[in-house]
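**Q** Coordinates only, no sequence provided:
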């Protein structure tokens, strides 16, 4: 009999660089609804107002999710798909309003 009780595995915290580029490839789609607003908030606090979110091309589901989140955030002044030089329809460029 094993006396060691097995604890549920807790995912490790990932330290993200706040540099204006958020690559969602390493994250679960379910985490995006929390990750995107938190990341944008940190960018605003640091004065980073132009952000690129890399969601990939795939089927477009993640892109639509990201765009739905961005459309609801009052701190987002504008967003659009990136040009071919910045990822094309696999990335979204976001312009944030300055923090008060």
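**A** On my side now, so go ahead. Quantities reported herein were computed from a predicted structural model and do not represent experimental measurements.
**Q** Regarding the chain, what is its longest helix?
**A** Scanning the chain for the longest helix, with DSSP state H as the assignment, gives helix 32-45.
**Q** Need the residue closest to the centroid of the protein.
**A** Centre of the chain computed as the mean C-alpha position; nearest residue by CA atoms, centre = their mean is residue 36, 3.5 Å away.
**Q** Was I right to think that residue contacts residue 55?
**A** No. Judged on CB atoms under 8 Å, residue 36 makes no contact with residue 55 at a distance of 9.5 Å. Yep, even glycine has a C-beta here, placed from its N, CA and C like the rest.
**Q** Residues that sit against both of these two, list them.
**A** residue 66 (CB atoms under 8 Å, 6 or more residues apart in numbering).
**Q** Grab the nearest non-local neighbour of residue 86.
**A** residue 52 (6.2 Å; CB to CB, 6 or more residues apart in numbering).
**Q** Check residue 48 too.
**A** Leaving aside its chain neighbours, residue 48 sits nearest to residue 20 (4.6 Å; criterion: CB to CB, 6+ apart).
**Q** and that neighbour, how many neighbours does it have?
**A** Residue 20 has 16 neighbours, counted by other CB atoms under 10 Å.
**Q** just to revisit the earlier point, per-residue confidence for the residue nearest to residue 86?
**A** On the pLDDT scale, residue 52 is placed at 97.
**Q** Now for it: which residues touch it?
**A** The contact partners of residue 52, by CB under 8 Å, 6+ apart, come to 20, 21, 22, 82, 86, 87, 91, 92, 93, 94.
**Q** Which members of these are classed as buried?
**A** 20, 21, 22, 82, 87, 91, 92, 93, 94 (16 or more other CB atoms under 10 Å).
**Q** which among those residues gets closest to residue 66?
**A** For the buried ones among the contacts of residue 52, the closest approach to residue 66 (CB to CB) belongs to residue 92, at 5.9 Å.
**Q** Note down every partner strand of the helix or strand hosting that closest one and its orientation.
**A** Residue 92 belongs to strand 91-96 when assigned by DSSP states H and E. Applying DSSP bridges, strand 91-96 is found paired with strand 50-54 (antiparallel), strand 76-81 (antiparallel).
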